[in-house]
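*Asks:* Structure of the sequence below:
(one chain, ligands or ions: 3)
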Amino acid sequence: MKILIQNGRILDPISKTDGIKDVLVENGVITAIEEKITASADQIIDAKGCWVTPGLIDVHVHLREPGYEYKETIKTGSRAAAKGGFTTICCMPNTNPVIDNEILVEYIKMKAEREAIVNVLPIGSITKGQKGEELSNIGKMAQAGICAISEDGKSVMNAGLLKKAMKYANMFNLPVLSHCEDNTLVGGGVMNAGEMAERVGMKGIGADSEEVIVARDIILARNTGARLHICHISTSGSVQLVREAKLRGENVSAEVCPHHFSLTDEAVEGYDANTKMNPPLRSAKDVESLKEGLKDNTIEIIATDHAPHHIDEKNCEYDRAAFGIVGLETALPLGITHLVEDNILTPMELIEKMSTNPAKLLGIDKGSIQVGKIADITIIDPNEEYEIDVNTFASKSKNSPFHGHRVKGKVKYTIVNGKIVLNDGELI
Ligand SMILES: NC(=O)N[C@@H](CC(=O)O)C(=O)O
Ligand SMILES: [Zn+2]
Ligand SMILES: [Zn+2]
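*Replies:* Numbering: from 1, shown residues only. Ligands and ions are numbered 1, 2, ... in the order given. Below is the predicted model of the structure:
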């Protein structure tokens, strides 16, 4: 299979290429990137006016399989990923049963091999059953092919246990993806603590519940040498903690989710349960800090925290609704609309945070569009404007607060291992 991509704007953060070129893909590999390629091909893609980028990589996705297939499956989640321009996604272990042993890791890999249309990398839990009591067998899961460990959905509240896990993670060179939430400080909150929570009469979640754990985990990572990655960073204080750790030369990275830089807690005013997620939408000041963190590279990664839930789990009182929103199919347009259009990031910086830096965190040979690399490629029309419509989502769940939002930037083609899985906006 030969694919020729013509006249696109190549954005490669590794070689710092930013220019109009043709790209030739043969048998799954990029074989040429030149001003003008005149080879014959099975499919020619006219990428005029589009960005041609390394395939997007999402380090934080909930695929819900096994156990919650009514929300999402490996198959449907991978299709949502392809629509969103993602060629590789990492799936969190808070399934039922929890991914806490090598058999389940093998199961995810086997299912993904058969049913997923993008690359799926499993993440193993830190403790058995995510109960916070006993470590999962990290070594065996590493051998089976996990890309990281995480207790996402909660924090490991026992610092001693987490410290031990960090030491194991080092032995297998795995990053530790940390959901930062001290459950003794949450106090039954359902949205950001502050003026807005008072106005709508709901219990708030303070910044301290996140920041206490960010600080703790930075200290533990310093003492163990672990590769700490902070998930879904949401407060000014957390950004500052990560910034200071980096200035000290410590091995810490952070991700921000598109909803946390696109919306504030003002969005909760209409009581739409699709504005409910963990951590919650924060204040305008926090959003400002997140953008500064993106700009000065304190925050190197944009990840979706794609968290599908069934309509019945959202169609109820705000207090009782599930935490989490889908994100795979809105991430790129939100990045273009709120970061590139607002001059927070250049197109190259956006792609770096959505592909190159995630690949670096995972230690995989992806995130670059160069001759000799496996052909994971995304083609994006940055100028197409449209309204987000959840009814067009490939995801099984539609729990997005962005329905009806006007955005700019449309994913046109997603190519995974040299195979076109999204063709002119349509899934194959
Ligand atoms: N983010 C969320 O609100 N929910 C996530 C869990 C998580 O990412 O912590 C989920 O699994 O539903
Ligand atoms: Zn989380
Ligand atoms: Zn999550």
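*Asks:* so where do the helices sit in this protein?
*Replies:* Here the chain has its helices, by DSSP state H, at 74-83, 102-115, 138-144, 159-171, 195-200, 208-224, 236-247, 258-262, 284-295, 331-335, 347-351, 357-362.
*Asks:* quick check: angle from the longest one to helix 159-171?
*Replies:* Spelled out, it's helix 208-224. Orientation check (axes from the mean of the first three to the mean of the last three Cα atoms, to 10 degrees): helix 208-224 against helix 159-171 gives 50 degrees.
*Asks:* Give me every residue in the chain lying close to ligand 3.
*Replies:* Contact residues (Cβ under 5 Å from the ion) of the chain with ligand 3: 152, 305. Just so you know, the C-beta spots here come from the backbone N, C-alpha and C atoms, and that holds for glycine as well.
*Asks:* how close does the residue sitting nearest the centre point of the chain sit to Gly132?
*Replies:* Nearest to the geometric centre of the chain sits Ala303, at 2.3 Å (Cα atoms, centre = their mean). According to Cβ to Cβ, to the nearest Å, Ala303 stands 23 Å off from Gly132.
*Asks:* just Lys419 next, same as before
*Replies:* When Lys419 is compared with Gly132 (using Cβ to Cβ), they lie 41 Å apart.
*Asks:* ok, now Ala82?
*Replies:* Ala82 sits at a distance of 35 Å from Gly132 (criterion: Cβ to Cβ).
*Asks:* Mind checking which of these two has more residues around it?
*Replies:* Remark: of Ala82 and Gly132, Ala82 carries more neighbours, 29 against 17, as counted by other Cβ atoms under 10 Å.
*Asks:* confidence score at the residue of the chain found nearest ligand 2?
*Replies:* The chain approaches ligand 2 most closely through His179 (3.5 Å), counting by Cβ to the ion. For His179, the model assigns a pLDDT of 99.
*Asks:* Could I get the contacting residues of it?
*Replies:* Listed by Cβ atoms under 8 Å, 6 or more residues apart in numbering, the contact set of His179 reads 150-155, 231-232.
*Asks:* Not counting its neighbours along the chain, what's nearest Asp12?
*Replies:* Nearest non-adjacent residue to Asp12, counting by Cβ to Cβ, 6 or more residues apart in numbering: Ile369, 4.6 Å away.
*Asks:* residues near that neighbour, how many?
*Replies:* Neighbours of Ile369 using other Cβ under 10 Å come to 29.
*Asks:* got a list of what it touches?
*Replies:* 10-12, 17, 23, 30, 33, 52-54, 377.
*Asks:* Any stretches of the stretch 51-200 of the chain with poor pLDDT?
*Replies:* Nowhere does the stretch 51-200 of the chain drop to pLDDT under 70.
*Asks:* Residues of it that sit close to ligand 1?
*Replies:* Residues of the stretch 51-200 of the chain that fall close to ligand 1, judged by Cβ under 6 Å from any ligand atom: 62, 94, 152-153, 179.
*Asks:* Can you flag the buried ones in the contacts of Ile369?
*Replies:* Burial by neighbour count, 16 or more other Cβ atoms under 10 Å: within the contacts of Ile369 this picks out 10-12, 17, 23, 30, 33, 52-54, 377.
*Asks:* Go through those and name the one nearest Asn423.
*Replies:* Asn423 lies nearest to Ile377 out of those, by Cβ to Cβ, at 12.7 Å.
*Asks:* Pairing partners for that closest one in the sheet, please.
*Replies:* In this entry, Ile377 is beta-bridged to Pro54, Ile415, by DSSP bridges.
*Asks:* quick one: it and Val23 touch, right?
*Replies:* Yes: taking contacts as Cβ atoms under 8 Å, Ile377 lies within contact range of Val23: 7.2 Å.
*Asks:* what residues are shared contacts of those two?
*Replies:* Common neighbours of Ile377 and Val23, using Cβ under 8 Å, 6+ apart, are 5, 30, 52, 369.
*Asks:* Just to check, the third one is in contact with Val23?
*Replies:* Spelled out, that is Val52. Yes: using Cβ under 8 Å, Val52 is in contact with Val23, at 6.1 Å.
*Asks:* where do the contact lists of these two overlap?
*Replies:* Taking Cβ under 8 Å, 6+ apart as the criterion, Val52 and Val23 both touch 5, 8, 10, 369, 377.
*Asks:* Can you name the residues bridging to the first one?
*Replies:* In this structure, Ile5 has the following beta-bridge partners (DSSP bridges): Val23, Ile45.
*Asks:* residues in contact with stretch 333-343?
*Replies:* Here stretch 333-343 makes contact (Cβ under 8 Å, 6+ apart) with 258-259, 261-262, 291, 294, 302, 344-347, 350, 354, 380, 382, 388, 402, 407-410.
*Asks:* Understood, closing this out.
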